[in-house]
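Participant: Here's a sequence, model it:
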Amino acid sequence: MNAETVIVDVVSRNTIIRGGLMRVLAEAPGIAARHELDSLAALRSEPEPPDIALVDLYETEPTDLRAYLPDGCRAVALYPPEHPPSLTAALRGGAHALLTRRTTTGELLAAIETVRHGGIHICAELAREIIGRDHPATAERGSELTPREIETLQWVALGLTHTQVGRRLGLTESTVSTYIRRIRTKLHASNKADLTRRAIELGYVSPR
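Facilitator: Below you'll find the predicted structure:
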């Protein structure tokens with residue numbers, strides 16, 4: 001991927017959603033919103049593959065994204081929260097970020113930034129649904145975390161410093177530190193390694 005600019009193609013059957021995502025990306029620094037496509041199959045016909053495919057799966061049957069992604073292309077996928085994917089299947093299928101149409105612009109751009117550097121991002125809304133369905137006992141233990149605390153935990157588990165987390169979430173470093181103290185208390189984690197382990201156990205990030 002280009003060190004300064006990441007090339008993104010948008011895939012959606014819905015013209016309004018496709019156009020809206022393109023406008024959001026076009027205004028974001030460091031992102032080149034290149035093509036809007038109406039099908040996954042169109043990705044394979046591109047002469048130059050994008051760095052990232054932003055794929056809206058609301059009106060698409062569950063599919064293995066790897067069958068359509070060009071070599072070197074990673075996927076940021078939008079899933080309907082009422083039909084959350086299996087986390088394992090989604091990750092194996094090529095989705096590096098799992099979001100919904102309700103995801104904020106800020107989180108979408110943060111997810112793209114994470115994916116371009118090889119990380120995994122799962123929005124809190126989908127994480128709750130996936131864990132509640134696939135791991136009900138684990139979900140009960142993690143349900144006391146607020147959505148903001150889950151976001152903070154995800155970033156910390158992916159290796160970001162308190163300052164970097166604050167920049168992505170629009171928070172001060174002291175606020176991030178407060179969140180992390182609360183998370184440690186709730187999850188009985190004594191250090192960053194424990195936080196990372198608990199984040200993986202709860203399904204908020206994927207093992208590297």
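Participant: what's the burial count for Asp159?
Facilitator: Quick fix: residue 159 reads Gly, not Asp. 12 (other C-beta atoms under 10 Å). C-beta: built from backbone N, CA, C; applies to glycine.
Participant: How about the secondary structure of it?
Facilitator: coil (DSSP: H, G, I helix; E, B strand; the rest coil).
Participant: repeat for Leu171
Facilitator: coil.
Participant: doesn't His162 make contact with it?
Facilitator: No: at 9.4 Å, Leu171 does not count as touching His162 under the criterion of C-beta atoms under 8 Å.
Participant: Let me see the ranges of the strands in this protein.
Facilitator: 6-11, 31-37, 52-56, 74-78, 95-99, 121-122 (DSSP state E).
Participant: In a markdown table, list these along with mean pLDDT.
Facilitator: A markdown table is the format used below for the strands of the chain (pLDDT from 0 to 100):
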| stretch | mean pLDDT |
| --- | --- |
| strand 6-11 | 96 |
| strand 31-37 | 94 |
| strand 52-56 | 96 |
| strand 74-78 | 94 |
| strand 95-99 | 91 |
| strand 121-122 | 85 |
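Participant: Flag the shaky bits of this structure, pLDDT-wise.
Facilitator: 1-3, 62, 128-143, 206-208 (pLDDT under 70).
Participant: Domain-wise, how is this protein divided?
Facilitator: Domain segmentation of the chain under automatic domain parsing yields 6-131, 137-201.
Participant: about what we covered before: can you redo the strands of the chain as TSV with distance to Leu145?
Facilitator: Converted to TSV, the strands of the chain look like this (distance: least, C-beta to C-beta, whole Å):
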stretch	distance to Leu145
strand 6-11	30
strand 31-37	30
strand 52-56	27
strand 74-78	23
strand 95-99	17
strand 121-122	13
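Participant: Format these as a markdown table; extra columns: distance to Asn191 and mean neighbour count.
Facilitator: Below are the strands of the chain laid out as a markdown table (distance: least, C-beta to C-beta, whole Å; neighbours: other C-beta atoms under 10 Å):
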| stretch | distance to Asn191 | mean neighbour count |
| --- | --- | --- |
| strand 6-11 | 33 | 24 |
| strand 31-37 | 35 | 18 |
| strand 52-56 | 33 | 25 |
| strand 74-78 | 30 | 23 |
| strand 95-99 | 27 | 26 |
| strand 121-122 | 23 | 26 |
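Participant: show me where this protein has helices.
Facilitator: 15-26, 87-92, 105-116, 124-134, 136-142, 147-157, 162-169, 173-187, 192-201 (DSSP state H).
Participant: Please work out which of those helices is packed deepest.
Facilitator: helix 147-157 (a mean of 22; mean count of other C-beta atoms under 10 Å).
Participant: Which strands and helices lie in contact with that one?
Facilitator: Contacts defined by 3 or more C-beta pairs under 8 Å, 6 or more residues apart in numbering; DSSP states H and E place helix 147-157 against helix 124-134, helix 162-169, helix 173-187, helix 192-201.
Participant: For the shortest one, C-alpha coordinates in PDB please.
Facilitator: The reference is to helix 162-169. Taking Å, rounded to 0.1, in the frame of the first residue of the first chain, the C-alpha atoms of helix 162-169 are listed here in PDB:
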ATOM      1  CA  HIS A 162      -3.100   6.200  25.200                       C
ATOM      2  CA  THR A 163      -2.300   9.200  23.100                       C
ATOM      3  CA  GLN A 164      -3.100   7.400  19.800                       C
ATOM      4  CA  VAL A 165      -6.300   6.000  21.200                       C
ATOM      5  CA  GLY A 166      -7.300   9.500  22.300                       C
ATOM      6  CA  ARG A 167      -6.700  10.900  18.800                       C
ATOM      7  CA  ARG A 168      -8.800   8.300  17.200                       C
ATOM      8  CA  LEU A 169     -11.700   8.600  19.600                       C
END
